[in-house]
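**Student:** one predicted model, sequence on top.
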Amino acid sequence: MKSFLLLVLSLTAGCETSSVSTCDETWAVSDYGGSEKYQIVEVDHRGRVERSTKTNMWENKGTFFLFHDTRNKELKLVFLQHQVKKEEFKCRFYQTHGSTPDTERVEKYDCETKTFNQTTYRSAKTTIPCGNHQSRVQFFCRQNGSNCENILSSGPSPQTNRFTLTNSGSISIRDVSSQDDGVYWCGLRSNLTKIQLQVQNITVHEKSSSVGQTLTYWCSYSTSAPSITFICKGEDPSVCKRLVSSSEKNTGRFSMNDDKEKRNITVTVRDVRADDTGTYWCGAETSDRRSNVFFNKLVLTVASVTPTTAEPSVKIPSVNSTSFTDTPVPAAGPLMTAVTAVRICVVLLVLLLVVVLIYKHSEKLKKQRSTGH
């Protein structure tokens, strides 16, 4: 709930804020009004001076965020500390470079922090909605105590090792680990959002199937029975594609049954296809889809069925034609080769025997002729 405090401070140089706050940060807003047009604003926070020439966009100055709104003629400051005292910072405004600075007093204090809670899981991917276009995101930083360490900003290369600013203005984080748990800030041209990211462990199952088979798997949940459970597919559970739910139990090849008494969900996939390979999540809806609850993660691998290889064939010529026709016959296997060898040996032995008999008979005839003479 926003708190609104109108402070009237007289004869005081610098901008100040009340110690009363309903959020973890300290918001200070200074309306300078009138016809003045300032090109430069300067904030002196605990002896550290930060200048800005940018207008109408949020800037990350480390220990605080700054927004110089020239349309409404006000300067917004968000200190990453609770109850910043009025003597800890001052604001100065310059109409031009080198001009004498003007000081303005705080005319209102308004806590405007918008906080979103998002849950993600170790080794997964997650997407944090930040803006609706990449160009509107000015910075994305992680809070470390009273300082916000910049991770991404709009520019020619809005990407780091694991963090990516997408074209749609969302922040994508891959290979999430427990060290990513914490508070993040997303600064747009006109909005500032605080994200509480919670990283949790999740049960992971691995399963394999083959094309054409029917696959059944189960996932259980230990919490009280959720109103709507669902199964979705994708590396990122925050934006995964929903396939089937307890409100729509059959969607063609996918079907599910939620036994709320046993707290067990049965999922069936008929006629498994190769493109079913991927990551599946078993979860339940919450009022805020940023924090949908997930119970299990399934990594499915689908193997293609190897087609049966036909036996090779050999070609023999047809004796009934002057041309050759291709007549396929099964190729000789080891047994057939052995039988053929035996047959050849038998034929050779028979031929040898015939030759021997003919020779002996010839010799006998020669002897008879010589005796007769």
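**Tutor:** That came through, no problem.

**Student:** from memory residue 240 sits against residue 233, does it?
**Tutor:** Yes: assessed by C-beta atoms under 8 Å, residue 240 is found in contact with residue 233 at 5.9 Å. For the C-beta atoms, the positions are set from N, CA and C on the backbone; glycine is no exception.

**Student:** neighbour count: the two, which is higher?
**Tutor:** residue 240 (23 against 16; other C-beta atoms under 10 Å).

**Student:** distance from the chain centre to the helix or strand containing residue 342, please.
**Tutor:** In the assignment (DSSP states H and E), residue 342 maps to helix 334-372. Remark: helix 334-372 is offset 83 Å from the chain centroid, using C-alpha atoms, centre = their mean, to the nearest Å.

**Student:** and stretch 160-177, by the same measure?
**Tutor:** Centre-to-centre, stretch 160-177 and its host chain are 9 Å apart (C-alpha atoms, centre = their mean).

**Student:** just the buried residues of it, please?
**Tutor:** Using 16 or more other C-beta atoms under 10 Å as the test for burial, stretch 160-177 gives 163, 165, 166, 169, 170, 171, 172, 173, 176.

**Student:** just flag the most distant two among these.
**Tutor:** Farthest apart among the buried residues of stretch 160-177 by C-beta to C-beta are 169 and 176. That separation is 19.9 Å.

**Student:** picking that back up, could I get the buried residues of stretch 160-177 in CSV, plus columns for secondary structure?
**Tutor:** Listed next are the buried residues of stretch 160-177 as CSV, based on DSSP: H, G, I helix; E, B strand; the rest coil:
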residue, secondary structure
163, strand
165, strand
166, coil
169, coil
170, coil
171, strand
172, strand
173, strand
176, coil
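
**Student:** relative to residue 202, which of those residues is nearest.
**Tutor:** Of all these, residue 202 sits closest to residue 176, with 10.8 Å by C-beta to C-beta.

**Student:** which residues touch that closest one?
**Tutor:** Neighbouring residues of residue 176 by C-beta atoms under 8 Å, 6 or more residues apart in numbering: 120, 121, 122, 123, 124, 125, 126, 199.

**Student:** hmm, back to that, let me see the mean pLDDT of the helix holding residue 342.
**Tutor:** The pLDDT scores in helix 334-372 average 75.

**Student:** what sits up against stretch 52-71?
**Tutor:** Against stretch 52-71 from outside (C-beta under 8 Å, 6+ apart): 37-43, 45, 48, 50, 75-81, 138-139, 141, 146-148, 150, 185, 187-192.

**Student:** can you get me the start-to-end distance on it?
**Tutor:** Stretch 52-71 has an end-to-end distance of 16 Å (C-alpha to C-alpha, to the nearest Å).

**Student:** same deal with stretch 129-144?
**Tutor:** 21 Å.

**Student:** could you number the chain from 10 rather than 1 from now on?
**Tutor:** Got it, first residue is 10 now, which makes that one stretch 138-153.

**Student:** beta partners for residue 193?
**Tutor:** As for beta bridges, residue 193 partners with residue 151, residue 204 under DSSP bridges.

**Student:** how close does residue 217 sit to residue 252?
**Tutor:** 19 Å (C-beta to C-beta, to the nearest Å).

**Student:** could you check which of these two has the larger neighbour count?
**Tutor:** Neighbour totals were compared for residue 217 and residue 252, and residue 252 leads with 20 against 11 (other C-beta under 10 Å).
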